[in-house]
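Q: how would this look folded up:
(2 chains)
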Amino acid sequence: MPRVLEPQQTPSFFIRGPSPLTRLVLFSALSIALIATDARLHYLDEVRQGFVALTHPLQTIANAPSDLFHSSADYITTHTSLVSKNRQLEQKTLEQGSKLQKLQLLETENEHLRNLLGASQTISEPARLGEILHMGRDPFSHKVMVNLGARQNISPGQAVVDGNGVIGQVTRVYPFSSEVTLITDKELSIPIQIERNGLRAIAFGLGMDNVIDLPYLPVNVDIQKGDRLITSGIDGVYPAGLAVAEVVDIDRNPDLSFAQIRSRPLAGVKNHRQVLLIDIPVTESAAGTIVNKTARGADRTLKLQSALPQPSAQPVMATPDANRQP
Amino acid sequence: MQTVSLRNIYLSMLLALILQLAPWAGFGLLIRPDFVLLVVIYWLLRAPHLCNIGTAWFAGLVVDLISGGLFGQNALAYAITAFFAVSYQRRLALFNIWQQAAYVFVLLVFTQCVVMVLKLFAGEDVPQWSYFFPSVSGILLWQFVIFTRLGIEPTSNQN
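A: The predicted structure is shown next:
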């Protein structure tokens, strides 16, 4: 059998330089320092951004084969499939057109009512279409990379949606691309509302596909299987009323202090290539309770305090913190 | 004995990096071997005078940057693995192919364990067993490359 690894040419006493142990200690110390700097002080964000911009050409090369495959697959789609797709889309346009007419009516009515109440106007947020470049590098975190970045004025915190509901949130922005954390990721939480009765809560990802958790709700909470969860909009990040998930399983165990509620995301979190990045609404509420997604331990509890619905604070929650101060 | 040039080392690392950057998804992502680590281990065992712990550490740093994880976790894991690879390198050259593969497998699993421990410290959950798939696919790829001698220069004039 041929040997793959030849014996070393020079005996070790001729090799210059420090011993392996010295090198190990040196480089371990360096990396521990780096880990600490990155985890606690966040000094390295610029370094990371610059480097990711540098590796952009490499990334393009690496993506080239699959891009070529996709584009050629697009090119040789059959006539019949195109026709049927077109028919589907037309039908969908018709259906949505009728809904849209009702929506316009509702919008004017809403505006009128808000005028009567003297409440601030909601603005419709501009959005941009992005394309998913690739999945994140770590199979155990639910992240995707999108082809819009700082050059396209994307900023961290923007909500990402598809036709059916919320997909996630922009967490890191690089010059030519940005990282989107999906709602199924462990680190992402969304302030939601139950569509049926308006109950507010916070939904957390569990790090599993197609599961969203609703913790911290009492056992006797008014929630049913099939309830739709929509964004409440009180965080100032997500526009109100976007569909998030549907409740699929409720376990009311009286021994536990909270009900265990599992829901399933409505958006095709893993399905699409095109997604919409919604600009952060520029309202006074943005100052108060932006749920900043650097969730690591301490941040998570902070977020909870700022966004958990409290029965006593109902009117305050509707008008955000910024308004409370004179 | 073939001489190993630095150019070869860096070219192979670049190639491994491109493979790592390819748009892996779904099951492919789950079993994607750590190409960069495999190349690093190969050069550590074959040419420790050119590719040493520092090279491994730097490669780990680059992997950290492209993976978007905590800065330095892969660098630390690669450096520790490189230490074990380098300290047993002379003994390993006397092993046969299967013993070498076993040792490389241990190195791969060890690297993943170090990364896992660092992630646990950073507050992540204990991963499932599928976390170790990349080591298995990595060692299969290693054996495949060794057997087919694909991309490895023939060492015909050895001995």
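
Q: Give the helix, strand or coil label for residue B:132.
A: With DSSP: H, G, I helix; E, B strand; the rest coil as the basis, residue B:132 sits in helix.

Q: pretty sure it contacts residue B:105?
A: No: with contact defined as C-beta atoms under 8 Å, residue B:132 does not count as touching residue B:105 (10.4 Å). Yep, even glycine has a C-beta here, placed from its N, CA and C like the rest.

Q: Flag the shaky bits of chain B, pLDDT-wise.
A: Applying pLDDT under 70 to chain B flags residues B:1-3, B:150-159.

Q: center of it - which residue?
A: The centroid of chain B falls nearest to residue B:37 when counting by C-alpha atoms, centre = their mean (2.0 Å).

Q: Now do the contacts for that one.
A: Listed by C-beta atoms under 8 Å, 6 or more residues apart in numbering or on different chains, the contact set of residue B:37 reads B:59, B:63, B:78, B:81, B:108, B:111, B:138.

Q: 6 Å instead, please
A: residue B:111 (C-beta atoms under 6 Å, 6 or more residues apart in numbering or on different chains).

Q: That one belongs to a strand?
A: No: assessed with three-state DSSP, residue B:37 is helix; it does not lie in a strand.

Q: how much space between it and chain A?
A: Separation of residue B:37 from chain A (C-beta to the nearest C-beta, to the nearest Å): 13 Å.

Q: Does residue A:276 lie in a helix or a strand, and which?
A: Counting by DSSP states H and E, the element that carries residue A:276 is strand A:274-278.

Q: Ramachandran coordinates for residue A:135?
A: phi -70, psi 170 (degrees, to the nearest 10).

Q: Nearest spatial neighbour of it, chain-adjacent residues omitted?
A: residue B:25 (4.6 Å; C-beta to C-beta, 6 or more residues apart in numbering or on different chains).

Q: Following the helix or strand hosting residue B:9 in sequence, what is the next regular element?
A: Secondary structure assignment for residue B:9, by DSSP H and E: helix B:6-21. As assigned by DSSP H and E, the chain's next helix or strand after helix B:6-21 is helix B:26-31.

Q: returning to that earlier point: same question for the strand holding residue A:276, mean pLDDT?
A: On average, the pLDDT along strand A:274-278 is 86.

Q: ok, residue A:79 to residue A:70 distance?
A: 19 Å (C-beta to C-beta, to the nearest Å).

Q: the more surrounded of these two?
A: residue A:70 (13 against 7; other C-beta atoms under 10 Å in any protein chain shown).

Q: residue contacts, the more buried one?
A: Contacts of residue A:70 (C-beta under 6 Å, 6+ apart): none.

Q: let's see 10 Å
A: Residue A:70 is in contact with A:63, A:273, B:23, counting by C-beta atoms under 10 Å, 6 or more residues apart in numbering or on different chains.
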